[in-house]
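Engineer: quick one, fold the following:
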Amino acid sequence: MFSKLFFLVSSFFRVYTGIVALAFAVTSFCFLIYERLVTKRENTKNAALQVVASLFPSGIQDKVLKGANDGIHGSSKQGNVIASFFPSTTVLFGT
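Structural biologist: Here you go, the predicted model:
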C-alpha cells in the first residue's frame, strides 16, 4: 500500500518537475530569440547611422545623429529642425 502511494506521489512530482522544466526551456528560448532580434536591430541602426554620418556635413550630421540617439524623429520643435539653418529654402509640406 505504501509503495503504491509513494509511486503516485513520486510520479506527480516528476510530471510537475517536467512541466516546470519545459516552461523554463520555452522561456529561455523566447528570451534568446528576443535578444537576437534586438541585437540585429541595433546593428542595423548603427549601419544606418554610419551612412548618415558619411552623407552629411559635420554641422548637420551632429543634429541628425543627436535626434537619432535621443529618439526624437520628426519633432516639430524649432531646435531640432535641420532646415532651421536655411529658412529661405525651407519647403513646407502639409495641408
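Engineer: what mean pLDDT does the strand or helix carrying residue 48 get?
Structural biologist: Remark: residue 48 resides in helix 2-55, with elements defined by DSSP states H and E. In this model, helix 2-55 has an average pLDDT of 87.
Engineer: output the contacting helices and strands for it.
Structural biologist: If contacts are counted by 3 or more Cβ pairs under 8 Å, 6 or more residues apart in numbering; DSSP states H and E, helix 2-55 sits against helix 58-70. Backbone N, C-alpha and C define where each C-beta goes, glycine included.
Engineer: residue 47 and residue 61, how far apart?
Structural biologist: Between residue 47 and residue 61 the distance is 16 Å, computed by Cβ to Cβ, to the nearest Å.
Engineer: actually, residue 37.
Structural biologist: 28 Å.
Engineer: neighbour-wise, which of the two wins?
Structural biologist: Shown here are residue 37 and residue 61; by other Cβ atoms under 10 Å, residue 61 has more neighbours (16 against 10).
Engineer: which residues touch that one?
Structural biologist: Contact partners of residue 61, counting by Cβ atoms under 8 Å, 6 or more residues apart in numbering, are 52-53.
Engineer: need the per-residue pLDDT for it.
Structural biologist: 74.
Engineer: relative to residue 48, how far out is it?
Structural biologist: Noted for residue 61: a distance of 13 Å to residue 48, by Cβ to Cβ.
Engineer: what count of nearby residues applies to residue 53?
Structural biologist: For residue 53, the neighbour count with other Cβ under 10 Å is 13.
Engineer: actually residue 33, not the one I wrote
Structural biologist: Neighbours around residue 33, by other Cβ under 10 Å: 10.
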